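Trainee: Fold the following, please.
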Amino acid sequence: MALERKIWTRDELILALSVYFQLPFGRLNRTTPEVKELARLIGRTDNSAALRLVNFAACDPYITESGRTGMPAGKAVCEPIWNEFANDKERLFIEAQRIKAQLQNKSIEDSLHITPKELEGKEREAVIRQRVNQSAFRSMILSNYEGRCAITGINIPELLVASHIIPWVDSTPQQKLNPENGICLSALYDKAFDKGFITISPDDYTVCLSSALREYETQDYYNTHFGSIAGHKLIMPIEHIPNRDYLAYHRDRIFRGN
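Mentor: You can find the predicted model right below:
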């Protein structure tokens, strides 16, 4: 007698889709730590969790239009959740975090490591939303760049930042959590990019230095930290190459000029 299969619940599918969006296609396998964590959280095998993620890939136009297929056999189960959340990742990630906290028997604040002091004088939901978005975007971008700074290759997680190309406050809802709007940079270059001291050319993905740095050319650190990266080609991610239009926005609106 065949064993009865356990039907995936809506909550489990939401959790799976949230993980799917935080991993590049090549890491949708049972050995990936994030996949193993999902399986443990929902009480399924690593293989079952990985297969469900590949089912979601069959719903993803980014994957299918590239000639890949994912695993269409389970597409019918995943498609309603995909259609509900694919264009509203912010709601997806928040809902997934609430489900995760409930399964862990924690408050959502505890699951996000938000302290009472961080909530003082602030709207609770706004703090939660910000933390969830930051965490999801960071996971998405660092995974896409294999945990390396796209300029230097530095791979110390504590020194890496998921940098927005178009700043969060200026991004549309579709751009805010779009991996094509992010670059993994070490803290120094994240700040330099944010302040317009460097930009990435939308033409050839090379690093350009701002004329605002010229007054520092005689400083000992200049050649080591800036002169050496001028014209340097960005280390490309596994998936979701930085959007050229977003890079043009950064060059035209934030970069301090040649």
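
Trainee: All the helices of this protein, residue numbers only.
Mentor: 10-20, 33-42, 46-57, 61-64, 75-85, 89-103, 108-111, 116-119, 124-144, 173-176, 187-194, 220-225, 244-253 (DSSP state H).

Trainee: Output those as a markdown table; include the columns distance to G26, mean neighbour count and mean pLDDT.
Mentor: All C-beta atoms are positioned from the backbone trio N, CA, C, and that covers glycine. Below are the helices of the chain laid out as a markdown table (distance: least, C-beta to C-beta, whole Å; neighbours: other C-beta atoms under 10 Å; pLDDT from 0 to 100):
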| stretch | distance to G26 | mean neighbour count | mean pLDDT |
| --- | --- | --- | --- |
| helix 10-20 | 13 | 22 | 97 |
| helix 33-42 | 12 | 17 | 96 |
| helix 46-57 | 11 | 22 | 96 |
| helix 61-64 | 11 | 13 | 94 |
| helix 75-85 | 19 | 16 | 95 |
| helix 89-103 | 20 | 19 | 96 |
| helix 108-111 | 28 | 17 | 90 |
| helix 116-119 | 36 | 10 | 87 |
| helix 124-144 | 10 | 18 | 93 |
| helix 173-176 | 24 | 15 | 89 |
| helix 187-194 | 25 | 19 | 97 |
| helix 220-225 | 32 | 12 | 94 |
| helix 244-253 | 23 | 17 | 97 |
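
Trainee: so Y189 sits right up against T152, yeah?
Mentor: Yes - Y189 lies in contact with T152 (C-beta atoms under 8 Å); the separation is 7.3 Å.

Trainee: hang on, the earlier thing: among the helices of the chain, which is nearest D204?
Mentor: Closest of the helices of the chain to D204 is helix 244-253, at 10.3 Å (criterion: C-beta to C-beta).

Trainee: from the chain's centre, how far out does the closest one sit?
Mentor: 19 Å (C-alpha atoms, centre = their mean, to the nearest Å).

Trainee: So if we follow the domain assignment, how does the chain break up?
Mentor: Annotated domains of the chain cover 10-128, 147-253 [automatic domain parsing].

Trainee: Just the endpoints, please. Distance across the longest one?
Mentor: If I follow you right, that is domain 10-128. Domain 10-128 stretches 22 Å from its first residue to its last (C-alpha to C-alpha, to the nearest Å).

Trainee: Likewise for the last one?
Mentor: Terminal residues of domain 147-253 are spaced 28 Å apart (C-alpha to C-alpha).

Trainee: Could you give the separation of it from the chain centroid?
Mentor: With C-alpha atoms, centre = their mean, you get 15 Å for domain 147-253.

Trainee: Ok, the longest one next?
Mentor: Chain-centre distance of domain 10-128: 12 Å, with C-alpha atoms, centre = their mean.

Trainee: For the protein, which residue occupies the most central location?
Mentor: With the centre of the chain defined as its mean C-alpha position, the nearest residue by C-alpha atoms, centre = their mean is M140, 2.1 Å away.

Trainee: Was I right to think that one contacts Y20?
Mentor: No - using C-beta under 8 Å, M140 makes no contact with Y20, being 10.5 Å away.

Trainee: hmm, back to that, got CSV for the domains of the chain, with distance to S135 too?
Mentor: Output for the domains of the chain, formatted as CSV (distance: least, C-beta to C-beta, whole Å):
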stretch, distance to S135
domain 10-128, 7
domain 147-253, 10
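
Trainee: No more questions from me, cheers.
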